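K.L.:
build the 3D model from these lines:
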Amino acid sequence: MTPFGEKVRELRRERGVTQGQMAAALNVSSAYLSALEHGRRGRPSWDLLQRIIGYLNVIWDDAEELQRLAALSHPKITVDTGGLSPEATALANRLAETIAILAPEDIAALLAQLEDAAGRAEALRRARRQRR
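P.N.:
This next block holds a predicted model:
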């Protein structure tokens with residue numbers, strides 16, 4: 001399951017809506033909506049994402065969160081490490097080799113550490129841009 005699929009399922013269930021009802025309202029098949037929730041389909045199109053947001057009646061922060069989760073929820077990704085350090089390539093390959101066997105708590109810890117590092121890198125990038 002993808003983060004987006006998990007959130008859509010959570011919101012759908014909170015509202016007491018079945019997959020079939022939501023699929024019909026969005027003009028997609030139940031099978032497609034199920035595959036989207038379970039991560040067997042890639043991220044939704046912008047149009048479908050907007051229809052989901054509208055159907056679930058989410059606004060502001062919740063809508064932004066769904067958009068963010070959709071962007072992070074492609075179940076089959078490719079990591080291009082061309083031009084990066086050997087360590088970056090090793091990291092990408094090691095993650096690809098081991099992600100299926102990692103314990104949920106290890107995945108959560110690694111993700112938290114990566115999010116912290118990405119936040120620091122983004123802050124540094126913004127600071128450098130402001131100096132220009």
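K.L.:
immediately after the worst-scoring helix or strand of the chain on mean pLDDT, which helix or strand?
P.N.:
Ranking every helix and strand in the chain by mean pLDDT, DSSP states H and E puts helix 60-71 at the bottom, with a mean of 91. Going down the chain from helix 60-71, the next helix or strand is helix 86-98, by DSSP states H and E.
K.L.:
list the contacts of that next one.
P.N.:
With contacts defined as CB atoms under 8 Å, 6 or more residues apart in numbering, helix 86-98 is touched by 79, 81. For every residue, glycine as well, the C-beta is placed using N, CA and C.
K.L.:
in it, which residues are buried?
P.N.:
For helix 86-98, burial by neighbour count (16 or more other CB atoms under 10 Å) applies to residue 92.
K.L.:
tabulate the CA atom coordinates of it in PDB.
P.N.:
Extracted in PDB, the C-alpha atoms of helix 86-98 (Å, rounded to 0.1, in the frame of the first residue of the first chain):
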ATOM      1  CA  PRO A  86      29.500   6.300  -5.300                       C
ATOM      2  CA  GLU A  87      27.900   6.400  -1.800                       C
ATOM      3  CA  ALA A  88      24.700   7.700  -3.300                       C
ATOM      4  CA  THR A  89      24.600   4.800  -5.800                       C
ATOM      5  CA  ALA A  90      25.400   2.300  -3.100                       C
ATOM      6  CA  LEU A  91      22.600   3.700  -0.900                       C
ATOM      7  CA  ALA A  92      20.100   3.500  -3.700                       C
ATOM      8  CA  ASN A  93      21.100  -0.100  -4.600                       C
ATOM      9  CA  ARG A  94      21.200  -1.200  -0.900                       C
ATOM     10  CA  LEU A  95      17.700   0.100  -0.300                       C
ATOM     11  CA  ALA A  96      16.400  -1.600  -3.400                       C
ATOM     12  CA  GLU A  97      18.000  -4.900  -2.300                       C
ATOM     13  CA  THR A  98      16.700  -4.800   1.300                       C
END
